[in-house]
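Novice: compute the structure for the input listed below.
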Amino acid sequence: MEIVGARIRKMREDTGFSQEKFAQKIQIDRSYCGRIERGGQNISVSTTCTIAAGLGVSPAVLLADLTISDFSGSAHTET
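Specialist: Now for the predicted structure:
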């Protein structure tokens, strides 16, 4: 989630939004937004889509080039 969070932060900053203004725009709590950007919050597909829409990109952009090994620390691993 650190990779996705860093992408979100960079894209948000590139669009000129503060974290607070961006969270307001996409109607999520600012502290939740901060946890996402720090990689400390696992996010749903729905939230990923909401964030992507707020950034004006496809959700695929936020997830591009990720592999299963990027999620090896996740509680949901495949067997």
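
Novice: average model confidence for stretch 70-78?
Specialist: Average pLDDT, stretch 70-78: 54.

Novice: and if you look at stretch 3-16?
Specialist: In this model, stretch 3-16 carries a mean pLDDT of 96.

Novice: in it, what's buried?
Specialist: Buried residues in stretch 3-16, defined by neighbour count with 16 or more other C-beta atoms under 10 Å: 4-5, 7-9, 11-12. Any C-beta I mention is one placed from the backbone N, CA and C, and that applies to glycine too.

Novice: same check on stretch 30-49?
Specialist: 33-37, 41, 43, 47-48.

Novice: hmm, S18 and R30 touching each other?
Specialist: No - counting by C-beta atoms under 8 Å, R30 does not reach S18; the two are 9.2 Å apart.

Novice: this protein: helices as residue ranges?
Specialist: 2-14, 19-26, 30-37, 45-55, 59-63 (DSSP state H).

Novice: excluding sequence neighbours, find me the nearest residue to I26.
Specialist: G54 (3.9 Å; C-beta to C-beta, 6 or more residues apart in numbering).

Novice: and that neighbour, how many neighbours does it have?
Specialist: Neighbourhood size, G54 [other C-beta atoms under 10 Å]: 20.

Novice: pretty sure it sits against Q27.
Specialist: No - using C-beta under 8 Å, G54 makes no contact with Q27, being 9.1 Å away.

Novice: which residues touch the residue nearest to I26?
Specialist: 22, 25-26 (C-beta atoms under 8 Å, 6 or more residues apart in numbering).
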